[in-house]
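> using only what follows, build the 3D model:
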Amino acid sequence: MYEGSANWSLGFGLVDKWGEPVGLGKIAKLINAGKIDSSELITMKTLKDTGAIGKQIKDGVRLMGRGAEQIKWPIHLEVSRVTVRAKEAVEAAGGSVRRVYYNKLGFRALLKPEWFEKKGRLLPKAARPPPKQMDKVDSIGRLPAPTKPIPFSVDEKEAASSSSA
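Residues are numbered from 1 along each chain as shown. Here you go, the predicted structure:
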């Protein structure tokens, strides 16, 4: 089996090896070093460009709760998967975490948009997740990579529109 799929362990059931893991502590260190701007949306492209994760992202990014106590300011993240501890820590600091879906072509467009320009092609539209993964995502990924977070609920949309007006 290849690395991105789930494996069966020795008598302990299914072991999930989904996504490239990144801890909140590593993100906090990059923000403190000035490599990531905490006022902007932190996407998987931002994490790849700053070196928080490896160069190849096969299945997405999994946000882990390691170093959760280091997050003391609001940050807004878009990742593929998130643990409960990480989501609680980010929301306690006043930030938000959105689980987004990208297929393989969408990841290529997110991480290497210059490849499409070089070939003279348009960026593809974002694909919808398969029905089995609908409950694991909050929204469909956006192409090109967004810089501002989109609100989750109607109340947040109203607050965003009133503050910009």
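> contacts made by the lengthiest strand in the chain with the rest, please.
When the chain is parsed with DSSP state E, its longest strand is strand 96-101. Contacts with strand 96-101, where a contact means CB atoms under 8 Å, 6 or more residues apart in numbering, come from 63, 76-82, 86-87, 90-91, 127-129, 133, 136-142, 149-150, 152. For the C-beta atoms, the positions are set from N, CA and C on the backbone; glycine is no exception.
> give the buried residues for the first helix or strand past that strand going along the chain.
Following strand 96-101 in sequence order, the next helix or strand is helix 104-111 (DSSP states H and E). For helix 104-111, the neighbour count (16 or more other CB atoms under 10 Å) marks Gly106, Phe107, Arg108, Ala109, Leu110, Leu111 as buried.
> from the contacts of strand 96-101, which land in helices?
Among the contacts of strand 96-101, the members falling in helices (DSSP state H) are Ala86, Lys87, Val90, Glu91.
> can you select the buried ones from those residues in ChimeraX?
To isolate the buried members of the ones in helices among the contacts of strand 96-101 in ChimeraX, using 16+ other CB under 10 Å:
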select :86,87,90
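> tell me the one of the ones in helices among the contacts of strand 96-101 nearest Ile42?
Nearest to Ile42 among the ones in helices among the contacts of strand 96-101, counting by CB to CB, is Val90 at 10.1 Å.
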